[in-house]
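> pasting the sequence and the predicted coordinates here, then a few questions.
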Amino acid sequence: MTSIDLEELTGAGKVHNLSGRERGLAARELFQLDKLDAEPSPVDVIVPEYVYSLTPSFVQGFFGESVKAFNYDTNRFKSHFRFRAPSIVMQQLERGLAAITTHRDLRLL
């Protein structure tokens, strides 16, 4: 089973807030999400307990293309990318996913 551990982005616990579209895009490249989108088996995404924030802009950069790969179906996306994260981070993830699906029409123009 494949997993992504966001601890790699925290400087061994020094960073508690993952923010910014550019940082999300860099993380997407680091973890090779384009390849993981096509994996047949689910991918576990692990967010350390000390991370208290994933901003919508980070989520958009990190997972925007993945959500698009699943035809903007967030349920399919969440079946493929299974999150183990603090509840506050899960709420923020949902806000980020909502931002992706809300703005999808703008990207298609």
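Thanks, I have the structure now.

> tell me the contacts of the residue sitting nearest the centre point of the chain?
A centroid search over the chain (Cα atoms, centre = their mean) returns Phe63, at 4.3 Å, as the residue closest to the centre. Taking Cβ atoms under 8 Å, 6 or more residues apart in numbering, we find Phe63 in contact with 24, 28, 33, 77, 81, 96-97, 100. C-betas here are computed from N, CA, C, even on glycine.

> mind doing that once more with 10 Å?
With contact set as Cβ atoms under 10 Å, 6 or more residues apart in numbering, Phe63 has these partners: 24, 27-28, 33, 37, 45, 54, 69-70, 74, 77, 81, 93, 96-97, 100.

> got a list of contacts for stretch 64-77?
The contact list for stretch 64-77 (Cβ under 10 Å, 6+ apart) reads 21, 24-25, 28, 33-34, 36-38, 43, 59-60, 63, 78-81, 93-94, 96-105, 107-108.

> next, count neighbours for the residue lying closest to Ala38 once chain neighbours are set aside.
If the residues on either side of it in the chain are set aside, Ala38 comes closest to Ala69, at 7.7 Å by Cβ to Cβ, 6 or more residues apart in numbering. Ala69 sits with 18 neighbouring residues when counted by other Cβ atoms under 10 Å.

> over to the one 5 residues further on?
Here the neighbour count serves as a burial measure; for Thr74 (other Cβ under 10 Å) it reads 16.

> that one and Gly11, how far apart?
30 Å (Cβ to Cβ, to the nearest Å).

> same question for Phe62.
As it turns out, when the distance is counted by Cβ to Cβ, Phe62 lies 17 Å from Gly11.

> before I go, just wanted to say thanks for your time.
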